[in-house]
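Enquirer: return a 3D structure for these sequence lines:
(2 chains)
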Protein chains: 2
Amino acid sequence: MPLPEKALIARVRRLAKTSGAPGAQGLASAISSGIGDDCAVLRLPSSKNAGDDEILVTTDFSLEGIHFRRVWHSPEVVGHRCLTRGLSDVAAMGGTPVAAFLSLALPRTLAQVWIERFAKSLIGLAKRHGVVLAGGDTAESPDGILADIIVVGTVPKGRAILRSGARPGDRIFVSGELGCGVAALVEKMRGRKVRESDYLRHFYPEARLELGRALREQRLASAMIDMSDGLSTDLGHLCEESGVGAEIKADSIPRARVGRPAREVALDLALHGGDDYELLFTVRPGKHVPEKIAGVTVTEIGRITRSRKLGLRDATGFIRKLAPRGWEHFR
Amino acid sequence: MPLPEKALIARVRRLAKTSGAPGAQGLASAISSGIGDDCAVLRLPSSKNAGDDEILVTTDFSLEGIHFRRVWHSPEVVGHRCLTRGLSDVAAMGGTPVAAFLSLALPRTLAQVWIERFAKSLIGLAKRHGVVLAGGDTAESPDGILADIIVVGTVPKGRAILRSGARPGDRIFVSGELGCGVAALVEKMRGRKVRESDYLRHFYPEARLELGRALREQRLASAMIDMSDGLSTDLGHLCEESGVGAEIKADSIPRARVGRPAREVALDLALHGGDDYELLFTVRPGKHVPEKIAGVTVTEIGRITRSRKLGLRDATGFIRKLAPRGWEHFR
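Expert: Reported below is the predicted structural model:
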């Protein structure tokens, strides 16, 4: 292992130990031994309800050149997005994140200040969500910055909201607005100036943890997924796991307003662009769904169908096939 | 995401579902929802003893060009070593591995057969240890094969064997023989033929899980670490975490016999070479330690000291400073 490892571990330890942030209280009880041993030892907080919690585990890569570019994304942005990818997966199960693990491979030439800024951002976000950075691995990278974030969470036994729960007739909802994530990349690729503040959902997306938990507690969602790959792709995943199809209405899809002056993104970006980390969920017919849940606007965009196809209905009523494309399409 | 993702997930699902291997019984209860959802949902087996188990989590990279080379290591070897890195960390805590997660980034040009062979080897090893491959992430790699293995295990509450438990006067033991891991690399670098069967501990190392558990159950080990980075480096880690030093005897160190005809590796390889995945542990003075534990030979190599230095005593009684070097030294 090269030098950065020791420095990084020492630094991460210091950063992870400083408290004072909301949610930092009680974290010590979740982890009894962490960074510096062979494994982290987690003592998960047990729920007050009867029955044991189940454990959620998710892993997500953040690879330079694939998920981010150093010339486009500051270390703070890379750190924030890295952890958000994992938190968002826990949100999509209706769970509560507890601990994170970071595997980080760094090129020998990387400046220490990059690591500092990356780690500070990631740990700051972790603390805001009451998540302890409990361990990980460091290595020398053969090429570029390679991060893998592991998030461990809890959910009451049998209550996780799966992708497989959708049934024909269920209504389909999305949270927030879609398309900002990829719109920033499209502008970057066109060589235009992209201010972080004009594309916040791209640079500093927030995992919809409160919304996910509220949907689980209120037993509203029959199935759920986070839109990291884009609406068309992730709706496809949900339908595949549920053994159903879907029909969505083009003019119902909430499109993000981005840039300066702010303008609505193109429909294709909202349909196929990823990286928004909004939630897509289904609700049994007849259940009341408020306009906002946990402070987040939710919008009905279509219905689950028995036929295992994905369709997009335009304003004239014409239905065309919705092919899952994902944001790679825009490269 | 490129094509390999879907094929890999489908393949891994099929491989993970086929049962018949010892230990495969009862695995279904450990994981209630896995590959294909946002998170894996783990329902950990609860121990029969009073009190809850604690959860162990470890992550380890296996990066092409750093941890393996495709021209030197077959896909089977890469898959086996990848999981062993994680299992060995659980062994070093005296724990029982339960589930594994694999984050895998692959170059677009990689042949499907490589993935098949890699996955089959990794999943076969997992099954032999009763470990379920419960999820992970796949991505396109910017360069080379990048794997990150996450292993989740359990250990009875408060019983994990930490690195920090060594006290002055404790005796130091190692399992098995040391130096085979790096000896194979040294031979490869010299351009010599290296048969897998002559360097088994390099190509197919086995995590010392039974030994680790036995040491915990018999309350023999006061501190423990696995030697993935090499004796000198890992003894240094253990001493640092325990706030102590150590003195080891050069002629006590069990050196691996490798090659054809078999010969003992040089002392330096046994001292500084990593990748052996043997265990290093300490025992309070006065406790009886059998020659073999759980079928594995254990050898006393020195003592923990109050002074926070690492010393190596040669056959004439002369003590020189033992600098942690790790296997990178041999490149």
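
Enquirer: show me where chain A has helices.
Expert: With DSSP state H, the ranges of helices along chain A come out as A:4-17, A:75-91, A:112-128, A:180-189, A:200-203, A:209-217, A:231-242, A:267-272.

Enquirer: tell me the mean pLDDT over the shortest one?
Expert: Which is helix A:200-203. Across helix A:200-203, pLDDT averages out at 95.

Enquirer: same thing with the third one?
Expert: Predicted confidence along helix A:112-128 averages 95 (mean pLDDT).

Enquirer: same question for the first one.
Expert: Across helix A:4-17, the average pLDDT comes to 55.

Enquirer: which bits of the stretch 101-250 of chain A sit near chain B?
Expert: Counting by Cβ under 8 Å from any Cβ of the partner chain, the stretch 101-250 of chain A comes close to chain B at A:101, A:103, A:105, A:134-137, A:139-144, A:146, A:148, A:150-153, A:155, A:157-158, A:160, A:162-164, A:224-226, A:229, A:237, A:241. Where C-beta positions appear, they are placed from N, C-alpha and C, glycine not excepted.

Enquirer: mark which of the residues you listed are buried, thanks.
Expert: The neighbour count (16 or more other Cβ atoms under 10 Å in any protein chain shown) marks A:101, A:103, A:105, A:134-137, A:139-144, A:146, A:148, A:150-153, A:155, A:157, A:160, A:162-164, A:224-226, A:229, A:237, A:241 as buried among these.

Enquirer: quick one: residues contacting the residue positioned nearest the centre of chain A.
Expert: Centroid-nearest residue in chain A, with Cα atoms, centre = their mean: A:S88, separated by 3.0 Å. Listed by Cβ atoms under 8 Å, 6 or more residues apart in numbering or on different chains, the contact set of A:S88 reads A:P205, A:A207, A:R208, A:D226, A:S228, A:Y277, B:D38.

Enquirer: give me the domain ranges for chain A.
Expert: If you go by automatic domain parsing, the domain ranges for chain A are A:4-156, A:163-324.

Enquirer: ok, which of those domains comes nearest B:R213?
Expert: domain A:4-156 (13.8 Å; Cβ to Cβ).

Enquirer: quick one: the closest one to chain centroid distance?
Expert: How far domain A:4-156 lies from its chain's middle: 13 Å, per Cα atoms, centre = their mean, to the nearest Å.

Enquirer: by mean pLDDT, which helix or strand of chain A comes out lowest?
Expert: Lowest on mean pLDDT, DSSP states H and E among the helices and strands of chain A sits strand A:31-33, with a mean of 53.

Enquirer: A:A262 contacts A:D198, correct?
Expert: Yes. A:A262 is within contact range of A:D198, at 7.4 Å (criterion: Cβ atoms under 8 Å).

Enquirer: these two: who's more crowded?
Expert: A:D198 (19 against 9; other Cβ atoms under 10 Å in any protein chain shown).

Enquirer: any low-confidence regions in chain A?
Expert: A:1-36, A:44-51, A:326-331 (pLDDT under 70).

Enquirer: run a quick neighbour tally on the residue nearest to A:F203 when sequence neighbours are not counted.
Expert: Nearest non-adjacent residue to A:F203, counting by Cβ to Cβ, 6 or more residues apart in numbering or on different chains: A:E196, 4.4 Å away. Residues lying near A:E196 (other Cβ under 10 Å) number 14.

Enquirer: contacting residues around A:E196?
Expert: A:S74, A:V77, A:F203, A:Y204.

Enquirer: in space, what's closest to the second one - neighbours in sequence excluded?
Expert: Computed as Cβ to Cβ, 6+ apart, the closest residue to A:V77 that is not its neighbour in sequence is A:F203, at 4.8 Å.

Enquirer: I'd say that neighbour and A:F68 touch.
Expert: No. Using Cβ under 8 Å, A:F203 is not in contact with A:F68, being 10.3 Å away.

Enquirer: A:K292 - how many residues pack around it?
Expert: Neighbours of A:K292 (other Cβ under 10 Å): 10.

Enquirer: one more: A:A92?
Expert: Neighbours of A:A92 using other Cβ under 10 Å come to 36.

Enquirer: contacting residues around it?
Expert: A:I161, A:G212, A:M224, A:I225, A:D226, A:L279, B:D38, B:C39.

Enquirer: in strands, which of the residues you listed fall?
Expert: With DSSP state E as the criterion, strands contain A:M224, A:I225, A:D226, A:L279 from among the contacts of A:A92.

Enquirer: so what's the last one up against?
Expert: Contacts for A:L279 were tallied using Cβ under 8 Å, 6+ apart; they are A:A91, A:A92, A:V174, A:S175, A:R208, A:L211, A:G212, A:L215, A:M224, A:I225, A:D226, A:M227.

Enquirer: tell me the one of those residues nearest chain B?
Expert: Nearest to chain B, judged by Cβ to the nearest Cβ, of the contacts of A:L279 is A:A92 at 4.0 Å.

Enquirer: gap between that closest one and A:R284?
Expert: Here the criterion is Cβ to Cβ, to the nearest Å. By it, A:A92 lies 18 Å from A:R284.

Enquirer: who does A:T59 bridge with?
Expert: For A:T59, the beta-bridge partners are A:I150 (DSSP bridges).

Enquirer: again, but for the one 4 residues further on
Expert: According to DSSP bridges, A:L146 are recorded as the beta-bridge partners of A:L63.

Enquirer: that one: what's it in contact with?
Expert: Counting by Cβ under 8 Å, 6+ apart, A:L63 has contacts A:G144, A:I145, A:L146, A:A147, B:A105, B:A139, B:S141, B:P142, B:L146.

Enquirer: CSV for the residues you listed, including distance to B:C180?
Expert: Converted to CSV, these look like this (distance: Cβ to Cβ, whole Å):
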residue, distance to B:C180
A:G144, 32
A:I145, 33
A:L146, 29
A:A147, 32
B:A105, 29
B:A139, 33
B:S141, 30
B:P142, 33
B:L146, 26
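
Enquirer: which of these sits closest to A:R128?
Expert: Top of the list for closeness to A:R128, among the contacts of A:L63 and by Cβ to Cβ, is A:A147 at 19.1 Å.

Enquirer: so who does that closest one touch?
Expert: Listed by Cβ under 8 Å, 6+ apart, the contact partners of A:A147 are A:F61, A:S62, A:L63, A:V78, A:C82, A:L102, A:S103, A:L104, A:A105.

Enquirer: one more pass at 10 Å, please.
Expert: Contact analysis of A:A147 by Cβ atoms under 10 Å, 6 or more residues apart in numbering or on different chains lists A:60-64, A:67-68, A:78-79, A:81-83, A:85, A:102-106, A:118, A:122, A:136, A:141, B:148.

Enquirer: how close does the nearest residue to A:Y204 once chain neighbours are set aside sit to A:I149?
Expert: Nearest residue to A:Y204 in three dimensions, chain neighbours excluded: A:H80, at 5.4 Å (Cβ to Cβ, 6+ apart). Per Cβ to Cβ, A:H80 is found 11 Å from A:I149.

Enquirer: who touches both of the two?
Expert: Common neighbours of A:H80 and A:I149, using Cβ under 10 Å, 6+ apart, are A:L122.

Enquirer: those two: which is more packed in?
Expert: Using other Cβ under 10 Å as the criterion, A:H80 and A:I149 rank with A:I149 on top: 31 against 20.
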